[in-house]
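J.: only geometry, no sequence info:
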């Protein structure tokens, strides 16, 4: 098995050092590709001084899905993994990937038996401050389709699966991994879950920060991030990926999320931990995000009617990289 590992990063130099050290120790034969967003913390110099990074790609977008596709553009392995800069892979990580994805053959439904063959593998990310760790895959059934969600910062794919998907949807600045899971399921790919395919989240320093998808953060108007969440993009991304993949009939799921968030906000106001004005601002952001996601999701659905549903995918552009430093040449 030829393994390529893509590490997207943005202003995460301190944690990236430990992430790369762990990959060098536990995956010494892997091809390492770092994709650096517009960082201002000296990441470029640090990475270029290391001899265990094969390719450094500089991009100008603050979007993790652009970074993932930029790394995929340069990866040569038959198996391609994506690892967040703030996690460290554990010793059993490579073995788990090899045993699941190194088998020859197609990574699609077996036409003779109808059994799905793993096109991707994920595992838990252990959090130092949590005593109980996730033991099973997160599976949902949507419109009769079984979907297995995966950790966007700890997942490995067969190259054939990523090719069929046309990579990640670059419209999304958050929720790209979930969108990918929906599309994998539609194309008939299984996502395996293995406890051994694990990584550990690094403890954050007082000055560090992260979101669920590191490059997916955009500076927002404070009114749109009441309670520490970007409600506009949360609902925009949720609506977009549901409508794009399943059509407007899936909007009831967005309503269910809105009801749950509304109840939570109301209880917070009753406890005095949130102001009523915050609830009003959040509601406006949710409505705006839902409307935008509905419009853009329908357009994306119409523009790519194939099962991969990825009008904004990897093949859509070729100008992601601002600079490339390739030590393989």
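T.: All right, it came through fine. Keep in mind it's a predicted model, so treat the numbers as computed, not measured.
J.: helices or strands up against the helix or strand hosting residue 73?
T.: For residue 73, the enclosing helix or strand under DSSP states H and E is helix 64-74. Packing contacts for helix 64-74, counted by 3 or more C-beta pairs under 8 Å, 6 or more residues apart in numbering; DSSP states H and E, involve strand 3-9, strand 31-36, strand 55-59, strand 79-83, helix 176-186, strand 321-326. Where C-beta positions appear, they are placed from N, C-alpha and C, glycine not excepted.
J.: as a whole number, average confidence for it?
T.: Per-region confidence: helix 64-74 scores 96 on mean pLDDT.
J.: now that helix, how far from the chain's geometric center?
T.: Computed by C-alpha atoms, centre = their mean, to the nearest Å, the chain-centroid distance of helix 64-74 equals 11 Å.
J.: Which positions within it qualify as buried?
T.: Using 16 or more other C-beta atoms under 10 Å as the burial criterion, the residues of helix 64-74 that qualify are 64, 65, 66, 67, 68, 69, 70, 71, 72, 73, 74.
J.: Identify the residue spatially nearest to residue 40, adjacent ones excluded.
T.: Ranked by C-beta to C-beta, 6 or more residues apart in numbering and with sequence neighbours excluded, the top spatial neighbour of residue 40 is residue 11, at 6.5 Å.
J.: next one: stretch 244-262 to chain centre, how far?
T.: Remark: stretch 244-262 is offset 21 Å from the chain centroid, using C-alpha atoms, centre = their mean.
J.: and for it, what are the contacting residues?
T.: For stretch 244-262, contacts defined as C-beta atoms under 8 Å, 6 or more residues apart in numbering pick out 142-143, 179, 182-183, 186, 231, 235, 238-239, 242-243, 282-283, 286, 290, 294, 297-298, 300-301, 309.
J.: Run through the neighbouring helices and strands of the longest helix along the chain.
T.: If you go by DSSP state H, the chain has its longest helix at helix 276-303. Helix 276-303 sits against helix 231-246, helix 251-271, with contacts defined as 3+ C-beta pairs under 8 Å, 6+ apart.
J.: Contacts only, for residue 59.
T.: Listed by C-beta under 8 Å, 6+ apart, the contact partners of residue 59 are 35, 36, 37, 38, 66, 67, 70, 320, 321, 322.
J.: in the sheet, who's paired with the second one?
T.: Meaning residue 36. Beta bridges link residue 36 to residue 9, residue 58, judged by DSSP bridges.
J.: wait, isn't it in contact with residue 44?
T.: Yes. Using C-beta atoms under 8 Å, residue 36 is in contact with residue 44, at 6.2 Å.
J.: So which of those two has more stuff around it?
T.: Neighbour totals were compared for residue 36 and residue 44, and residue 36 leads with 28 against 17 (other C-beta atoms under 10 Å).
J.: Got the confidence number for that one?
T.: So, for residue 36, pLDDT stands at 97.
J.: How far does stretch 304-312 stretch from one end to the other?
T.: Using C-alpha to C-alpha, to the nearest Å, the end-to-end distance of stretch 304-312 comes to 9 Å.
J.: quick one, what contacts the residue nearest to residue 70 when sequence neighbours are not counted?
T.: Of all residues not flanking residue 70 in the chain, residue 320 sits nearest, at 4.2 Å (C-beta to C-beta, 6+ apart). Residue 320 makes contacts with 57, 59, 61, 66, 69, 70, 73, as judged by C-beta under 8 Å, 6+ apart.
J.: Give me the neighbour count for the residue nearest to residue 102 when sequence neighbours are not counted.
T.: Here the nearest residue to residue 102 in space, its sequence neighbours aside, is residue 1; by C-beta to C-beta, 6+ apart that works out to 3.9 Å. Counted with other C-beta under 10 Å, residues neighbouring residue 1 total 16.
J.: Test my guess that residue 1 contacts residue 80.
T.: No. Using C-beta under 8 Å, residue 1 is not in contact with residue 80; the gap is 11.1 Å.
J.: returning to what we had before: who touches both of residue 36 and residue 44?
T.: Common neighbours of residue 36 and residue 44 (C-beta under 8 Å, 6+ apart) are 56, 58.
J.: Quickly note the distance from the residue nearest to residue 40 to residue 65.
T.: Using C-beta to C-beta, to the nearest Å, residue 11 is found at 18 Å from residue 65.
J.: for residue 96, same thing?
T.: Distance from residue 96 to residue 65, by C-beta to C-beta: 25 Å.
J.: List the residues that contact the residue nearest to residue 102.
T.: Residue 1 is in contact with 77, 78, 79, 97, 98, 101, 102, counting by C-beta under 8 Å, 6+ apart.
J.: Many thanks, I have nothing further to ask.
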